[in-house]
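Student: Just to be clear, the model below is a prediction. Sequence and coordinates:
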Amino acid sequence: MGRLSWRLAKVAEVRPETARVVTLALDVPGWDGHLPGQHLDVRLTAEDGYQAERSYSIASAPDGARVELAVERLDDGEVSPYLAGELRQGDQLELRGPVGGYFVWEPSRGGPLLLVAGGSGVVPLMAMLRHRAASGSQVPARLLFSSRSLDEVIFRAELERLEAADDGLTVTHTLTRSQPPGWVGYARRVDVVMLEEVGWRPGERPLAFVCGPTRLVEAVAGHLVALGHDPDRVRTERFGPTGVP
Amino acid sequence: MDETDLRLDGNAVAGMLAEVFRFDMTVEWGGCAACGASNQLGALHVYAHGMGAVLCCPGCGQPLLRVARGEGRWWLDLRGLAWLQLDEQARVAD
């Protein structure tokens, strides 16, 4: 069965990441792997036959039998309140994929890597970082991650572990709405100064992957090009009007 | 929320385009008939809705592909494309 066919996956595990984000670990019969950054399409069918489809980025590295998604619950969403609220272990879910080879990184593509995420935009970048760690890649990587508050930082503990275990990875947070007492990190939206301080110099020719709400992605991509980065090495994945950090 | 918030990338419609074209269209290259820019379709600006999607040139905004489906049919309007290049390597298995 190929990647264009809809197939039934089974929810193996539901793991809360933050108050609004859950990881769904799925057993997908016949899954033949994916590339970090790819997504899959999920289809829900109501009793009256109405169908809604959404794309979700894959969070897991392509090294396991399971596929993991991390889904943010959007209160006015059509699909996410079900996926990130009602779905339970053992439930079935219709999906197809993986799809999309454009927003993809593998160690062979080199670097250095500049990853910029807003909120749940970190999900496909996490697949890249997990794969980078699992494969022992030496490609230097920097993640700049914008969240509303410390409590809303998705994968916070795992990112800390990855960074502590790896001289080649730095993780920088900015908290846009509220900061814990004593916070000395960034406390504003990603701007050109922050990108200059955290990112690579244009001469180092980084590969940049930017993912998050549309406005953040477009602002960051614009800043990177203005700083002199090669537009062909800046890849974007817009999430639309979801949970703007 | 305005039009800007709803803008996505060609990536977002990878599954739908693969159904029609049987290629991973996000890595395929197309030329804009209006401004001449070449882009991988994954880099196009996309406005999607339940019926389908419009993919526009990121440089000049020209609609390059319109894809819609309904009543068991696909509708394609490719007027905005000057050319489309399909790489055999990106063929998607059924």
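Tutor: Thanks, I have it. Residues are numbered from 1 along each chain as shown, chains lettered A, B, ... in the order given.
Student: CA only for contacts and neighbour counts going forward, please
Tutor: Will do.
Student: On the three-state scheme, the residue nearest the centre of chain B is what?
Tutor: Centroid-nearest residue in chain B: B:L55, 4.4 Å away (criterion: CA atoms, centre = their mean). Following DSSP: H, G, I helix; E, B strand; the rest coil, B:L55 is assigned to strand.
Student: Okay, buried residues for the strand of greatest length in chain B please.
Tutor: Longest strand of chain B, by residue count under DSSP state E: strand B:63-70. By 16 or more other CA atoms under 10 Å in any protein chain shown, the buried positions in strand B:63-70 come out as B:63-68.
Student: Kindly report the same for stretch A:199-219.
Tutor: Within stretch A:199-219, judged by 16+ other CA under 10 Å, the buried ones are A:199-200, A:205-218.
Student: Which of those residues fall within strands?
Tutor: Residues of those located in strands (DSSP E): A:207-212.
Student: pretty sure A:E13 is in a strand, no?
Tutor: Yes. When three-state DSSP is applied, A:E13 is found to be in a strand.
Student: How about the contacts made by it?
Tutor: Contact partners of A:E13, counting by CA atoms under 8 Å, 6 or more residues apart in numbering or on different chains, are A:23-26, A:88-90.
Student: any idea which of those residues has the most stuff around it?
Tutor: Using other CA atoms under 10 Å in any protein chain shown as the neighbour test, the contacts of A:E13 are led by A:L24, with 26 neighbours.
Student: That one pairs with what?
Tutor: Assessed by DSSP bridges, A:L24 has beta-bridge partners A:V14, A:L69.
Student: any idea how far it lies from B:A53?
Tutor: 28 Å (CA to CA, to the nearest Å).
Student: same question, A:P98
Tutor: From A:P98 to B:A53 the distance is 20 Å (CA to CA).
Student: List the buried residues for stretch A:55-63?
Tutor: Of the residues in stretch A:55-63, those buried (16+ other CA under 10 Å) are A:55-62.
Student: Rebuild those as JSON lines, extending it with pLDDT, distance to B:V13 and secondary structure.
Tutor: Listed next are those as JSON lines, based on pLDDT from 0 to 100; distance: CA to CA, whole Å; DSSP: H, G, I helix; E, B strand; the rest coil:
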{"residue": "A:S55", "pLDDT": "88", "distance to B:V13": "8", "secondary structure": "strand"}
{"residue": "A:Y56", "pLDDT": "92", "distance to B:V13": "11", "secondary structure": "strand"}
{"residue": "A:S57", "pLDDT": "94", "distance to B:V13": "13", "secondary structure": "strand"}
{"residue": "A:I58", "pLDDT": "96", "distance to B:V13": "15", "secondary structure": "strand"}
{"residue": "A:A59", "pLDDT": "97", "distance to B:V13": "19", "secondary structure": "coil"}
{"residue": "A:S60", "pLDDT": "96", "distance to B:V13": "21", "secondary structure": "coil"}
{"residue": "A:A61", "pLDDT": "94", "distance to B:V13": "22", "secondary structure": "coil"}
{"residue": "A:P62", "pLDDT": "91", "distance to B:V13": "22", "secondary structure": "coil"}
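Student: contacts with chain B among these, please.
Tutor: Among these, the residues lying close to chain B (CA under 8 Å from any CA of the partner chain) are A:S55.
Student: show me where the chain has strands.
Tutor: This is for chain A. A:7-16, A:21-27, A:39-45, A:51-57, A:66-72, A:92-99, A:113-118, A:141-147, A:169-175, A:207-212, A:234-238.
Student: not quite, I wanted chain B
Tutor: Using DSSP E, strands in chain B cover B:8-9, B:29-32, B:38-40, B:45-49, B:52-56, B:63-70, B:73-77, B:81-85.
Student: right, and the ones you listed - which one's nearest chain A?
Tutor: Closest to chain A of the strands of chain B is strand B:8-9 (CA to the nearest CA; 4.9 Å).
Student: Next, the angle strand A:51-57 makes with the longest helix seen in chain B.
Tutor: Among all segments of chain B classified by DSSP state H, the helix with the greatest residue count is helix B:14-21. Between helix B:14-21 and strand A:51-57, the angle comes out at 110 degrees (axes from the mean of the first three to the mean of the last three CA atoms, to 10 degrees).
Student: tell me which parts of chain B are close to chain A?
Tutor: B:1, B:4-9, B:11-12, B:14-15, B:18-19, B:24-27, B:40, B:42-43, B:50, B:92-94.
Student: if we go to 10 Å?
Tutor: Counting by CA under 10 Å from any CA of the partner chain, chain B comes close to chain A at B:1-19, B:22, B:24-28, B:39-43, B:45-47, B:50, B:90, B:92-94.
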